[in-house]
Structures are given as structure tokens and as C-alpha cells.
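>>> quick one, structure for this:
(one chain, ligands or ions: 1)
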Amino acid sequence: MRSQPDYDVIIVGGGPAGSTAAFLLAKAGHRVGLFERAVYPREKVCGGCLTQKSVRFLDRVFSLPLDAMRREGLLDFTGKGYALYIGDRRLLAEDLAEPFYFTRRERYDACLARMARWAGAEVLEGMEVTAVNHVQRTVTTAGGERYSASVIIGADGVHSRVRRSLPKGVVDPQRWRKNLGLALEIKIDRREAGVHLNREAAIRLDAEIGIPHVFLGACPMGYGWVFPNTDAVIVGIGGLFEANRKGLPDRFRELLVKIGFAAFSDRKPAGRLLSFGNYIPSPAHEGTVLVGDAGGFTSPILGEGIFYAHRTAELAAHAIDRHLTSGAPLAATYTSLLNRRLIRELEAEMRVRDFLYSHLNGGTPAILLRFLARVVRRPVIETVHGHRSFQGFRRDEDLHTAVW
Ligand SMILES: Cc1cc2nc3c(=O)[nH]c(=O)nc-3n(C[C@H](O)[C@H](O)[C@H](O)COP(=O)(O)OP(=O)(O)OC[C@H]3O[C@@H](n4cnc5c(N)ncnc54)[C@H](O)[C@@H]3O)c2cc1C
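Now for the predicted structure:
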């Protein structure tokens, strides 16, 4: 007779995806082990932009409405407007009815892991998983210990060891590579930014740098950004890996010069792979499922991933709960939930991404783009915030409905 496994569920990786799954499954009464290789608070290279999708998720699932998020120190900055550029030209700039928020990932991720622990999950920090056996359903840690579970969740980010240990056939390597992104980012201290910003540069940033700035087409099939934090300004650039693997550092330096930050163009940026539409349609095999960046789930246009990490973890947690309590087939249940609740939306966004970025890089006249931007700007912003769907910009609440 097979002895009882150490856990019902082992989760590898304690970012937003892992902590969400741990929180929900522990709350549902399952024995959860969350294995995180770092010790909180840990750094994560990220712009930290939270759309309303994420804010609503934290309220609905973690019972953290805005004032509670503020109290927990999760909202570092509120961007009450935005500015959008193509090339050197400011296409749009306006105040927003609903702001973008900016978080500090070291605080955000530590807080959610804490909530998972309060819900009853065992959070094991400094525990790197080095091997996964999908048949025996075990993980081995860097210290050589082996732990068993009925289900394993790969929430270990874009380089996921859990994903890489899955048999061939689960992940289509060509599709993964084609839609993978690459990003560079630097964080500039506000005082330094104030001293060195060249206000005569080709692009003049908003005086206080108090709103997010987005530079469409700053690199092929991608964009650049300036995101405000209280003590810092985050400048980044990212796009499809295949289109940018050679030239991205040069494009980044060009962007820094254009926006008046030439003084920082010698600073070495953090370079990271970025999910950019490379989601795996059926990210499950036997007793293992992938969530968040491990499964390639982000917005294909913006690379926004925090919300998608939360949402895929919620869908996976629901499938796992049904599997553990009533024997529902794990892979089929998770895949079907993803199809109904997320994948169609991502497919539609991919079509918009390919149209948008190929026109930006194809020399479509700026006047036409400006016209289009003015006509569709409201529905587009509402779609980014998750109130509408990329499928025809119709009103849609599917991203927000509870599955539990
Ligand atoms: C430059 C850049 C800017 C971005 N800006 C934004 C933004 O502004 N807004 C937004 O929404 N998204 C942004 N993203 C995307 C976002 O950061 C990710 O989509 C999000 O962090 C995914 O969450 P996750 O939980 O899936 O993975 P992660 O946040 O990567 O967490 C994975 C966790 O797994 C742990 N881990 C890894 N391997 C192991 C192992 N073997 N054993 C144990 N633990 C392990 C890691 O330490 C980490 O804590 C950005 C990404 C980049 C690269």
C-alpha cells in the first residue's frame, strides 16, 4: 500500500502565482508545502504595475481592498494619468478615471506569502527544488531531501525547472520560443533622476514623472516604459525575444537618450526573459500543473504578468481541489477552465498584438495611428484594466468571476 504523501500539494515557487495557489488550497483544507528558493523579502525585476484586474483580484480573493493594500504597504505609487508615445511623438496623454498602481515586488510577494502561511500553508523559504519526478510525484531540494505530494504545481517563473522537467510534448518548444520576450530594466533613484534629467531631450517626460509613460515601438515588436515609484523611476524596454536578441541594449540606450536620461545610458540594466504570449494551452501532465510565468501566462501586448499569475493559480487551485476531493481528472479540469476563462482572451489579444506591433514597425503614418488611438483609447484602457474583452472590446467580466 502506498503511504500517505508528505503533502497534498507541493508548490514550487512563491511569487504571486505560488502564493495564490497556496493560499486558496490551504484555505480549502489541503496540506500545502510552498517551496521558495529565496528568503522574503526578495527582489524581483519587474515594473510593478498593477492594473485594475490585479487590484480587483486581491480584493475578491485575498480580501485586500485598496485601503488594506495601502495599509500593508502594497501600493507604492498611484499613476492618475498616462502618456503614450510612438517614436518621439506624444500620441495621447490624459487623466484616468481608474489609475494604474505601482507596487514594490519585495513587499507584494512577501505579503502574499505571509497570507498563504496564515491560511495554513507551510512556507519553506530558502528551499530550492532541483529535481522533479512526475511519476513518483516527488521533488528533491538542493539539500538533497525528497518530498512527495499528490499534486505538484510549477509556479517557479519563466525559467521554471518544473516545466523543463516535463516530458516532451507538453510544451511546444517552437511556439514557446516564438512568443517569448526579452526585457531590460533599470531603477533610477528619484534624487539622481532629478539632478541628471535633461529637460531639453527629444521627449519631455511629465514634470514630476508622476504618471506611467509608454513608448510603443521603442524596439521591434515591443515597447519601452517609464514607471513612477515613490523613491525611484523604473525605465525599461521589452519585446519579442526573436526580434530583439541582438539590438535591445542599443534600443535601450537610444530610449534613455531620447527621454533625457542619457546620464544613465552606461548603467548596466537587468536583463530578463519575459513571457509575451508564449502561454502553454494545456500546461498539465499527470499530477503536475504549471501556473503564472512557468506556463507563459502574461498579456501578449504588454507582458503584464501579475494578474495572470494570480488568475491561473486560482483556476489551477480549483481544478486541484476538485481532483483531490472528488477525483475529477486534473489535467482535463484545469485545461478546460483555462480555455473557458482565459485562453480565448489571450488568443484575441495575440491577434491585436501582431496587428499593432507590425503596423508600428511597418511605417504606418503617425496621423492614422493617432486617429485610431483617439477613437479606441477608452475601450482599450478599459480592456487593459479588465472591464472589456479583446474579443471586439465588448464588456466582459469573465476575467473576474469566481470559480470556487
Ligand atoms: C522587466 C520586467 C518588467 C515587468 N513588469 C511588470 C509589470 O509592471 N506588471 C506586471 O503585472 N508584470 C510585470 N512583469 C511580469 C511579472 O514580473 C511576472 O509575470 C510575474 O512575476 C509572474 O509571477 P510568477 O509567480 O509566475 O513568477 P515569479 O514572480 O517569477 O516567481 C517565481 C518564484 O519562484 C522561485 N523559484 C524559481 N525557481 C525555483 C526553484 N527551483 N525552487 C524554488 N523556488 C524557485 C523564485 O525565487 C520566485 O520567487 C515584468 C517582468 C519583467 C521581466
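>>> which residues of this protein lie near the ligand?
Within the chain, the residues that sit near the ligand (Cβ under 6 Å from any ligand atom) are 12-18, 35-38, 44-49, 128-129, 155-157, 161, 183, 185, 236, 272, 274, 292-294, 298, 303-306, 309. (Glycine included, C-beta is placed from N, CA and C.)
>>> inside helices: which ones of those?
16-18, 161, 306, 309 (DSSP state H).
>>> ok now the lengthiest strand in the chain, how far from the chain's centre?
With secondary structure taken from DSSP state E, the chain has its longest strand at strand 89-102. Centroid separation between strand 89-102 and its chain, computed with Cα atoms, centre = their mean, to the nearest Å, is 20 Å.
>>> now that strand - C-alpha only, PDB.
Output of strand 89-102 as PDB, limited to C-alpha atoms (Å, rounded to 0.1, in the frame of the first residue of the first chain):
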ATOM      1  CA  ARG A  89       5.700  61.800 -30.700                       C
ATOM      2  CA  ARG A  90       3.300  62.000 -27.900                       C
ATOM      3  CA  LEU A  91       0.200  60.300 -29.200                       C
ATOM      4  CA  LEU A  92      -2.000  60.600 -26.100                       C
ATOM      5  CA  ALA A  93      -1.800  61.900 -22.600                       C
ATOM      6  CA  GLU A  94      -4.700  62.300 -20.200                       C
ATOM      7  CA  ASP A  95      -6.000  61.700 -16.700                       C
ATOM      8  CA  LEU A  96      -7.600  58.400 -15.900                       C
ATOM      9  CA  ALA A  97     -10.900  57.600 -14.200                       C
ATOM     10  CA  GLU A  98      -9.200  54.500 -12.800                       C
ATOM     11  CA  PRO A  99      -5.500  54.800 -12.000                       C
ATOM     12  CA  PHE A 100      -2.600  52.300 -12.500                       C
ATOM     13  CA  TYR A 101      -1.000  51.400  -9.300                       C
ATOM     14  CA  PHE A 102       2.700  50.600  -8.700                       C
END
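>>> paired strands for it, with orientation please.
Using DSSP bridges, the strands paired with strand 89-102 are strand 49-50 (antiparallel), strand 77-86 (antiparallel).
>>> what's the spacing between the residue of the chain found nearest the ligand and residue 256?
The ligand sits closest to residue 305 of the chain, with a gap of 1.8 Å, by Cβ to the nearest ligand atom. Distance, residue 305 to residue 256, using Cβ to Cβ, to the nearest Å: 24 Å.
>>> what number of residues lie near residue 236?
For residue 236, the count of nearby residues is 25 (other Cβ atoms under 10 Å).
>>> who does it form a beta bridge with?
Counting by DSSP bridges, residue 236 is bridged to residue 185, residue 225.
>>> make residue 1 into 58 and carry on from there
Taking 58 as the first residue, the last one we looked at is residue 293.
>>> among the ones in helices among the residues of the chain next to the ligand, who's most crowded?
If you count neighbours using other Cβ under 10 Å, the busiest of these is residue 74, which has 33 neighbours.
>>> excluding its backbone neighbours, what's nearest that residue?
residue 349 (2.8 Å; Cβ to Cβ, 6 or more residues apart in numbering).
>>> before we move on, back to that, give me the residues contacting the longest strand of the chain.
Strand 146-159 is contacted by residues 104-109, 112, 126, 132-142, 260, 263, 268-269, 273, 284-286, 423, 426-427, 430-431, 434, 438, 442 when judged by Cβ atoms under 8 Å, 6 or more residues apart in numbering.
>>> can you put the ones in helices among the residues of the chain next to the ligand in a markdown table and add distance to residue 174 and pLDDT?
A markdown table is the format used below for those (distance: Cβ to Cβ, whole Å; pLDDT from 0 to 100):
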| residue | distance to residue 174 | pLDDT |
| --- | --- | --- |
| 73 | 15 | 98 |
| 74 | 16 | 98 |
| 75 | 12 | 99 |
| 218 | 23 | 98 |
| 363 | 20 | 98 |
| 366 | 18 | 98 |
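>>> can you pick out the most distant pair from those residues?
For these, with distances taken as Cβ to Cβ, the pair at the greatest spread is 218 and 363 (21.3 Å).
>>> how about the longest strand of the chain: buried residues?
For strand 146-159, burial by neighbour count (16 or more other Cβ atoms under 10 Å) applies to 148-149, 153, 156-159.
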